[in-house]
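Visitor: Sequence first, predicted model second:
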2 protein chains.
Amino acid sequence: MTLPTLGLVGLGKIARDQHIPAIAATGLFHLAAVVSPDGAATDGVPTFRSQAEMLAALPGLDAVALCTPPAVRHGLAVEALRAGKHALIEKPPAATLSELHDLEAEAEAARRTLFTAWHSRFNPAVEETRRRLADATIRSVAITWKEDVRRWHPGQDWIFATGGFGVFDPGINALSILTDILPAPVFVRSADLHVPANRDTPIAATLAMGAAPGSRIGPVTADFDFLQQGGQTWSIVVETADGRLDLTHGGTRLMVDGVPALAEPDTEYQRIYRHFHRLIDDGASDIDPRPLSLVADACLVGRWHRTVSFDW
Amino acid sequence: MTLPTLGLVGLGKIARDQHIPAIAATGLFHLAAVVSPDGAATDGVPTFRSQAEMLAALPGLDAVALCTPPAVRHGLAVEALRAGKHALIEKPPAATLSELHDLEAEAEAARRTLFTAWHSRFNPAVEETRRRLADATIRSVAITWKEDVRRWHPGQDWIFATGGFGVFDPGINALSILTDILPAPVFVRSADLHVPANRDTPIAATLAMGAAPGSRIGPVTADFDFLQQGGQTWSIVVETADGRLDLTHGGTRLMVDGVPALAEPDTEYQRIYRHFHRLIDDGASDIDPRPLSLVADACLVGRWHRTVSFDW
């Protein structure tokens, strides 16, 4: 059996740390090429300077995985879909909601699979939390997502540029889990966004959210910080009428009333590539705009505060 | 034949200036009640303090028209739809995109008509412009939307509060026309948002937009200003390969290469009520998130600038 061939576009940290190992570990795709504008290469795989060059050189390519910064993903996804390729897009899948809606239309017109890979959802602890919340009365949800941008995104200036999302780059992972585990939608009521004097995207943000009247979901808060020194926190605490769930370590571990219930090694990217393969087999797409909507909504209703300049 | 009964929720300037006269002029609905939290009344129509009171008192009511500030529209629309009423919502239809997506789901579940009334589209000159642009090569589009907030929204503090949209309250009218007349979607590339030191929403904004590669649409710009003294400007200038279109006066007049082509009296709200009546007859909804997406996108990718305080 011949494996579908995949071109990896963008050879940054997430591609090297996660995508390449997961593609190798799952063995469901043949990594046929990588695209790296600065000429960086990976062992034994043909490297191209642009996606257009790759598509021209490898007309039989089946799929692409887009791991570039979000600002250029829409153009690349349109190019790939129109060339008849299936596309997996790293989170966030586009720089704006209008772009994401357009990609949905492009995938439909091209009759190709589009998969907006919200990777944090692909942990067993997230699935278990969703199962436990399906019929729960949820008194409150508190998201705390605090990490050190200097450690996880060293020197990546794009993250603080227009379309780079700033602290929402990690924060959207929490929102992708939130929208996955809750049994009803929540809405941003207010937000405070803290933007360094010399940058264009927030370095910290707090969100107050709530559900529609009549739902069994109390207040939902999110506290995002990109300047967390020492211990890093990626946790969602859910208080229900029946007890407390602590989904911690970015969605990989679950405690129920303080007792560890589930902890699995971080294999989310392997699940992502299995899901992508299945979607292609089924002729389906998986496009979820909700995490991006919540971020845009936070910017729409949020108050901006200028904070001290940020330098690496 | 009995007319469907309508309750008008929110008795502010737009309700008095436009909705009540249009309901009377079209004669397609019987205005059965108004809701006015501050007790303001309109001649000969029962007045309630809240929508809930009206729904309880008039169980046979067929439809509501929501003319409140946007921040409370989602809750009211959910309440009305769940009570089995059709709902027309003034623009913008919700405070956030997540709310609007939810309303779409609520309308479907309730099997009732939901109509997000982007009123500026309901002018014959807009329709004529769309027709002329369907196959055109569009070199550029320049939106200029400059009005005096003190004249048009005197003392309406909600417009500068969280969820009030600021200059996007009129600006979204221009974007509702833009998304209606262009033959392909456009995306916000960058934006500058000017927010008074003592307020939470922009008083001026400029947007740079563009279409997907391969479309025949050049750069699209928008210049929104809420402090325009003297002459007021609500115009969209489209340069095409075949000439120039000037859609002016908020979409009510069209000039082709400088020659007046269409100018009709402002009857957009009459068209809105005719459309609402037809949607109800057809068991259909008309929900378009695109203008709101563009505003949220502008806030998502935009740079904020603090400007001098604004007072009435």
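Guide: Perfect, I can see it now. Numbers count the residues shown, from 1 in each chain, chains lettered A, B, ... in the order given.
Visitor: Up against chain B, what does the stretch 151-300 of chain A have?
Guide: Contacts of the stretch 151-300 of chain A with chain B, taken as CB under 8 Å from any CB of the partner chain, map to A:162-163, A:185-188, A:190, A:195, A:200, A:212-214, A:289-290, A:293-297, A:299-300. Quick note: C-beta positions are derived from backbone N, CA and C, even for glycine.
Visitor: Could you tell me which of these count as buried?
Guide: A:162-163, A:185-188, A:190, A:195, A:200, A:212, A:289-290, A:293-297, A:299-300 (16 or more other CB atoms under 10 Å in any protein chain shown).
Visitor: one step back: helices - which of the residues of the stretch 151-300 of chain A next to chain B land there?
Guide: A:290, A:293-297, A:299-300 (DSSP state H).
Visitor: Distance from the lengthiest strand in chain A to the middle of the chain?
Guide: In terms of residue count, the longest strand belonging to chain A (DSSP state E) is strand A:186-196. Taking CA atoms, centre = their mean, to the nearest Å, one finds the center of strand A:186-196 at 19 Å from the center of the full chain.
Visitor: Name every strand pairing with it and say which way it goes.
Guide: strand A:204-211 (antiparallel), strand A:303-307 (parallel) (DSSP bridges).
Visitor: okay, the angle between that strand and helix A:290-301?
Guide: Angle, strand A:186-196 to helix A:290-301, by axes from the mean of the first three to the mean of the last three CA atoms, to 10 degrees: 60 degrees.
Visitor: any idea how far A:V64 lies from B:I89?
Guide: Separation of A:V64 from B:I89 (CB to CB, to the nearest Å): 40 Å.
Visitor: Helix or strand with the lowest mean pLDDT in chain A?
Guide: Lowest mean confidence among the helices and strands of chain A (mean pLDDT, DSSP states H and E): helix A:13-14, at a mean of 88.
Visitor: what distance separates the following helix or strand past that one from the centre of its chain?
Guide: Moving toward the C-terminus from helix A:13-14, the next helix or strand (DSSP states H and E) is helix A:20-26. Offset of helix A:20-26 from its chain centre (CA atoms, centre = their mean): 18 Å.
Visitor: For chain B, what's the nearest residue on the stretch 1-150 of chain A?
Guide: A:T96 (3.8 Å; CB to the nearest CB).
Visitor: you'd agree that residue is up against B:C299?
Guide: No: with contacts counted by CB atoms under 8 Å, A:T96 stays clear of B:C299, the gap being 10.1 Å.
Visitor: Share the number of residues neighbouring A:H101, please.
Guide: Using other CB atoms under 10 Å in any protein chain shown, A:H101 has 18 other residues around it.
Visitor: name the element it belongs to?
Guide: Using DSSP H and E, A:H101 sits in helix A:97-110.
Visitor: Of the strands paired with strand A:186-196, give the one that comes closest to B:F276.
Guide: strand A:204-211 (28.5 Å; CB to CB).
Visitor: Grab the nearest non-local neighbour of the residue most central in space within chain A.
Guide: The residue lying closest to the centre of chain A (CA atoms, centre = their mean) is A:K91, at 3.1 Å. In space, and not counting its chain neighbours, A:K91 is closest to A:W118: 5.2 Å by CB to CB, 6 or more residues apart in numbering or on different chains.
Visitor: what do you get for A:T113?
Guide: Nearest residue to A:T113, sequence neighbours excluded (CB to CB, 6+ apart): A:H86, at 4.1 Å.
Visitor: The one you found: what's it in contact with?
Guide: Counting by CB atoms under 8 Å, 6 or more residues apart in numbering or on different chains, A:H86 makes contact with A:4, A:62-64, A:112-115, A:276, A:279-280.
Visitor: Repeat the analysis, applying 10 Å as the threshold.
Guide: A:H86 sits next to A:4, A:6, A:61-65, A:80, A:107, A:110, A:112-115, A:276-277, A:279-280, A:283, A:285 when contact means CB atoms under 10 Å, 6 or more residues apart in numbering or on different chains.
Visitor: Look up how far A:E108 lies from it.
Guide: Distance of A:H86 to A:E108, computed by CB to CB: 13 Å.
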